[in-house]
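S.K.: Quick one, what's the 3D model for this:
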Amino acid sequence: MVAGLVASATAAADAACSEPIATPGDAAYGAYLAGECLTCHRVDGGAEGIPSITGWGADDFVAAVQAYRCGARRHNVMEMLAGRLSDAEIAALATYFEDLE
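M.R.: Next up, the predicted model:
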């Protein structure tokens with residue numbers, strides 16, 4: 001299921017967001033920023049339908065967040081949150097969550 005979500009987010013981001021974000025980001029900064037993400041996306045993955053975002057590849061994470069930020073992927077809360085993240089913040093979060101188990 002996660003692979004399907006990641007694949008669709010990647011395709012949507014490719015179509016809507018032409019500028020890739022360079023990774024890796026600053027993992028320590030990502031850890032600092034992650035508190036808001038972890039309010040809904042639990043590390044253990046058990047959040048009643050909200051997918052875990054830990055262990056995703058950085059490029060897949062970036063693609064998913066870009067898809068929300070560009071409006072290619074729709075979810076009111078995620079669009080709002082992603083819309084206020086800078087490229088550096090997205091890269092930092094991607095690096096942090098990629099290594100989080």
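S.K.: isn't Val62 right up against Pro24?
M.R.: No - Val62 lies out of contact with Pro24 (Cβ atoms under 8 Å); the separation is 10.4 Å. Yep, even glycine has a C-beta here, placed from its N, CA and C like the rest.
S.K.: do you know how far the residue in the chain sticking out farthest from the centre is from Cys37?
M.R.: What lies farthest from the middle of the chain is Glu48; by Cα atoms, centre = their mean that is 18.4 Å. Applying Cβ to Cβ, to the nearest Å, the value for Glu48 to Cys37 is 16 Å.
S.K.: quick one: pLDDT of Cys37?
M.R.: We have a pLDDT of 93 for Cys37.
S.K.: now do Ala15
M.R.: At Ala15, pLDDT is 52.
S.K.: Report the spatially nearest residue to Asp99, omitting neighbours in sequence.
M.R.: With Cβ to Cβ, 6 or more residues apart in numbering as the criterion, Asp99 has its nearest non-adjacent residue at 6.5 Å, and that residue is Ala27.
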